[in-house]
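Q: 3D model of this:
(2 chains)
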Number of protein chains: 2
Amino acid sequence: MRQDVIAREVAAMKAAGLDAICSCSPENFAYVTGFVSPTQPLMRWRHAMAIVTADGAVSLVVVDMEASTIRAKAPGTEIAVWKEFSFDAMAVLAAALEKHGLANARIGLELDYLPAADYADLAARLPRATFAPAQAMLARLRQLKTPGEIQILRKLSRIADRAITESYHAVAAGKTEMDLAAGLTRGVYEQGAEYFKLMIVATGERSVFPNVGPTERVLKTGDVCRVEIFPMIDGYHAGVCRTAAIGKAPAEAERIWANLTSCKHMLLDEIRPGASTRAIYERYLTMTEELKLPRISFIGHGIGLHLHEDPYLGPTADQPLEAGMVLGIEPLIYETGFGFGMQNKDMVLVTETGCELLSDFSNTDRLLVV
Amino acid sequence: MRQDVIAREVAAMKAAGLDAICSCSPENFAYVTGFVSPTQPLMRWRHAMAIVTADGAVSLVVVDMEASTIRAKAPGTEIAVWKEFSFDAMAVLAAALEKHGLANARIGLELDYLPAADYADLAARLPRATFAPAQAMLARLRQLKTPGEIQILRKLSRIADRAITESYHAVAAGKTEMDLAAGLTRGVYEQGAEYFKLMIVATGERSVFPNVGPTERVLKTGDVCRVEIFPMIDGYHAGVCRTAAIGKAPAEAERIWANLTSCKHMLLDEIRPGASTRAIYERYLTMTEELKLPRISFIGHGIGLHLHEDPYLGPTADQPLEAGMVLGIEPLIYETGFGFGMQNKDMVLVTETGCELLSDFSNTDRLLVV
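A: Numbers count the residues shown, from 1 in each chain, chains lettered A, B, ... in the order given. You can find the predicted model right below:
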């Protein structure tokens, strides 16, 4: 169990007048425990839940088929096991809450995750308990990364950057998007990722589409390619995207890339503790107007146990950046008017004095041509 | 849009007295449309929803940042777009339901998926509508695969089987679990998968754990390895697991494998239209007792747009198998008492007269030694 995270949760629940927080999403279960219940993100009924009480006690509620794995990862932790084919996850959770004296308590719950049917079941089993939405509180805690979390995110950023760069160098006209994908996935695992999410391989005319995977499309000279991947360790993600041209850059590609690079450097200059997320986004919008680039709906976002977390550098609630935040920043244009899209997504850590580029394996200031 | 699926949904909603079905999970959105809204499975607030009315009309509600991708995949389909940072998915869904005259209607909804907070929001916006749980009805429809679905699952089964087998042949003592993982992922993409879920690489002493990914563990002679992967195309999964020994099989491994192989052939003999799911499971339990293998909680499950679907061959509601079902069957033992686990997971199609092994690239009757 992560004692630093538990201490944060205890402080937050005291401030909010809660007696306990029950984390039921994959990310907030992992936040407390330091690991993912393996199939929870894949089968939504395979509930894994972590109860943290106001005195800092932790107990877990896990599905029978993951119990041996979780016991091995959390020796000494109290674990209640529910049976998959008895569909009794909420019954076992209710019993665990009662056991900890929480039948009449005020319990924080992730109402943006727990399905409506499960919530109705749980509420019926604990009619005297009060359930309060805890998702915003947990999301706020997760914004400020611990040293351990930063270490994982730094490693993941380098894994992604290096895997993309090396997979570009291994292809040429005549190879396919699948070849890019194959090199990329081999790369992330060989460097130590446990998993990945959302591999985007979008080349040539497909490079204008936001979130598309690889196909059998054959690369040809002059293609612009967008490749992005989110490798994972212990539930954490880093997201890096790189753009390259095959053989030679098409007309306008280098000019547009230079503009995106200017935007990246503006962001790296602006990101520091105290900077306003909204002001950075508005500065980006002004810059895109001057450079005649299309607007985008956000230019950066927090990242960690979820692909996207607050704060956004976008048209969202304004907040000051703080040291310890980790952001993905992503100058991009899907539609250039020239038949290709471009994107340069980096991972940055907000430091005490400014920011540190975590995805620093490749220098992206000039458009990569392979 | 898939007209065969829409016709099934129309018939089911008429039988259940529903005016419409609103699919909001990734699998049931893909079931209607034939494709996945790319980031929906990754960020739960990126709702993509498909409304099918009792007269067979279809409209989609999608998030702004996926709108261009979805329009390209579904030309001519009515699409309402909600804005990510306005958090107005339920407002746009409610407006779409009203537009189709459903403000007073009885609407099937996936209450095992829609988060409690979203459901409360939607219900408040449409106070005169009635929402009924539709998850069981949709799961039932999905049990009987269409010819198009069978074609995808056959392809995926071969991709998984071949990728695992070839990745085993590419390693030896001294290589690591990461080498197995790298070969495996390269293999599935090169053969045409768009994505994969749940790669299990569990070797040596780790082979006893159910759902664990690759590590830097070095393979050594006598290791037993369990490798499983679920490649994906258009949201469909096939799951195949293969076991191999490195260099030479340890004591007892071949005897245990022969027993698991007997179980596999029993399953292939028993699976046919009309066979009872519970009886097959009980037959398996009897066989494991005779062979002194540990019991397992289920021996097979439906598979398709979700990793696990009904019917289970397990201690669940009994039902007769029907032609068109696709099952994963998985004789396995995590704990052998000899320090290793073994698993052999195949994909089978229930045919008019029996069943067809879809994962037929490798012959697993003898334990693979590489």
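Q: OK, contacts around whichever residue of the stretch 201-350 of chain A sits closest to chain B?
A: Of all residues in the stretch 201-350 of chain A, the one sitting closest to chain B is A:N211 (3.7 Å; CB to the nearest CB). C-betas here are computed from N, CA, C, even on glycine. For A:N211, the contacting residues are A:198, A:200, B:38-39, B:65-66, B:69, by CB atoms under 8 Å, 6 or more residues apart in numbering or on different chains.
Q: which element is it on?
A: Of the helices and strands defined by DSSP states H and E, none includes A:N211.
Q: how about it, nearest residue that isn't a chain neighbour?
A: B:P38 (3.7 Å; CB to CB, 6 or more residues apart in numbering or on different chains).
Q: surely that neighbour and A:M199 touch.
A: No. Assessed by CB atoms under 8 Å, B:P38 is found out of contact with A:M199, at 10.7 Å.
Q: anything in contact with each of those two?
A: A:G213.
Q: re the thing from before, which ones among the contacts of A:N211 lie within strands?
A: Taking DSSP state E, the ones among the contacts of A:N211 that sit in strands are A:198, A:200.
Q: mind listing the helices for the stretch 1-150 of chain A?
A: Using DSSP state H, counting those that start in this stretch, the helices found in the stretch 1-150 of chain A span residues A:3-16, A:26-33, A:67-73, A:89-99, A:116-125, A:135-143, A:147-169.
Q: around chain B, pick out the residues from the stretch 101-250 of chain A.
A: Applying CB under 8 Å from any CB of the partner chain, we find that the stretch 101-250 of chain A lies next to chain B at A:111-120, A:133, A:135, A:178-179, A:181-183, A:185-187, A:189-190, A:192, A:194-195, A:197-199, A:208-216.
Q: one more pass at 6 Å, please.
A: A:111-117, A:119, A:178, A:181-182, A:185-186, A:189-190, A:194-195, A:197-198, A:209-211, A:213 (CB under 6 Å from any CB of the partner chain).
Q: helices or strands up against the helix or strand where A:T286 lies?
A: Taking DSSP H and E as the definition, one finds A:T286 inside helix A:277-290. For helix A:277-290, the packing partners by 3 or more CB pairs under 6 Å, 6 or more residues apart in numbering or on different chains; DSSP states H and E come out as strand A:309-313.
Q: what lines up beside the following helix or strand past the strand it packs on in the sheet?
A: Using DSSP H and E, the helix or strand that follows strand A:309-313 in sequence is strand A:326-329. Strand pairing for strand A:326-329, determined by DSSP bridges: strand A:300-302 (antiparallel), strand A:346-350 (antiparallel).
Q: any chance of those in a markdown table, plus mean pLDDT?
A: As requested, the strands paired with strand A:326-329 are arranged in a markdown table below (pLDDT from 0 to 100):
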| stretch | mean pLDDT |
| --- | --- |
| strand A:300-302 | 97 |
| strand A:346-350 | 98 |
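Q: now render these as JSON lines, adding distance to A:S276 and mean neighbour count.
A: Compiled in JSON lines, the strands paired with strand A:326-329 are given as follows (distance: least, CB to CB, whole Å; neighbours: other CB atoms under 10 Å in any protein chain shown):
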{"stretch": "strand A:300-302", "distance to A:S276": "13", "mean neighbour count": "23"}
{"stretch": "strand A:346-350", "distance to A:S276": "13", "mean neighbour count": "24"}
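Q: could I get the ones you listed as JSON lines with distance to B:H47?
A: Formatted as JSON lines, the strands paired with strand A:326-329 follow (distance: least, CB to CB, whole Å):
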{"stretch": "strand A:300-302", "distance to B:H47": "18"}
{"stretch": "strand A:346-350", "distance to B:H47": "27"}
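Q: which among those is found nearest to B:R295?
A: Set against B:R295 and scored by CB to CB, the strands paired with strand A:326-329 come closest in strand A:300-302, at 45.2 Å.
Q: report the contact partners of the residue of chain A positioned farthest from its centre.
A: Distance from the C-alpha centroid of chain A peaks at A:R128, with 35.8 Å (CA atoms, centre = their mean). Taking CB atoms under 6 Å, 6 or more residues apart in numbering or on different chains, we find A:R128 in contact with A:103-104.
Q: please apply the same query to A:D4.
A: By CB under 6 Å, 6+ apart, the neighbours of A:D4 are A:T146.
Q: and with 10 Å instead?
A: Shown in contact with A:D4 (CB atoms under 10 Å, 6 or more residues apart in numbering or on different chains): A:146-149.
Q: which of the residues you listed sit farthest apart?
A: Among the contacts of A:D4, A:P147 and A:E149 lie farthest apart (CB to CB), at 7.4 Å.
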